[in-house]
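# test case, fold it:
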Amino acid sequence: QVQLVESGGGLVQAGDSLRLSCAASGRAFRTYNMGWFRQAPGKEREFVAAVSWSGEMTDYTDTMKGRFTVSRDNGKNTVYLQMNNLKPEDTATYYCAADSYFGSQTANTYKYWGQGTQVTVSS
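Numbers count the residues shown, from 1 in each chain. Next comes the predicted model:
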């Protein structure tokens, strides 16, 4: 079992950067592929990015490719989401999640979830 805790969210202005962190408990963390999702009020949860268990493979939704970078440090049991050039439409609660398989952009395939961290981008 893996427990996930996100941090790093906050209120920023358009064009700013943030780095979100997701700290995991449990030695099994390094065997899981990790994903980031986000959910804005009144909208469905959407895929943002994923990184394989080794960190060698990454995946992004097209609209975020080039602005967001996902990475992980298995020695620290942590996965990161670096977000640059933030836009007001990036405002959402951001969640990290763990999956046994790499490549899914569908929330319901992910087994473990954190509680989320709020990102608010003002114009």
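# from Gly8, how far out is the residue lying closest to Arg30 once chain neighbours are set aside?
Distance criterion C-beta to C-beta, 6 or more residues apart in numbering; nearest residue to Arg30, sequence neighbours excluded, is Asn74 at 4.2 Å. Using the backbone N, CA and C atoms, a C-beta is placed for each residue, glycine as well. According to C-beta to C-beta, to the nearest Å, Asn74 and Gly8 sit 19 Å apart.
# tally of neighbours for the residue nearest to Arg30?
14 (other C-beta atoms under 10 Å).
# repeat for Val12
By other C-beta under 10 Å, 17 other residues sit near Val12.
# show me what it is bridged to.
Val12 forms beta bridges with Val121, as assigned by DSSP bridges.
# just to check, it is in contact with Thr91?
No: taking contacts as C-beta atoms under 8 Å, Val12 lies outside contact range of Thr91: 9.7 Å.
# may I have the phi/psi pair for Lys43?
The phi and psi values for Lys43, taken as degrees, to the nearest 10, are phi -120, psi 160.
# what sits against it?
Listed by C-beta atoms under 8 Å, 6 or more residues apart in numbering, the contact set of Lys43 reads Ala92.
# measure it to Asp16 for me?
From Lys43 to Asp16 the distance is 22 Å (C-beta to C-beta).
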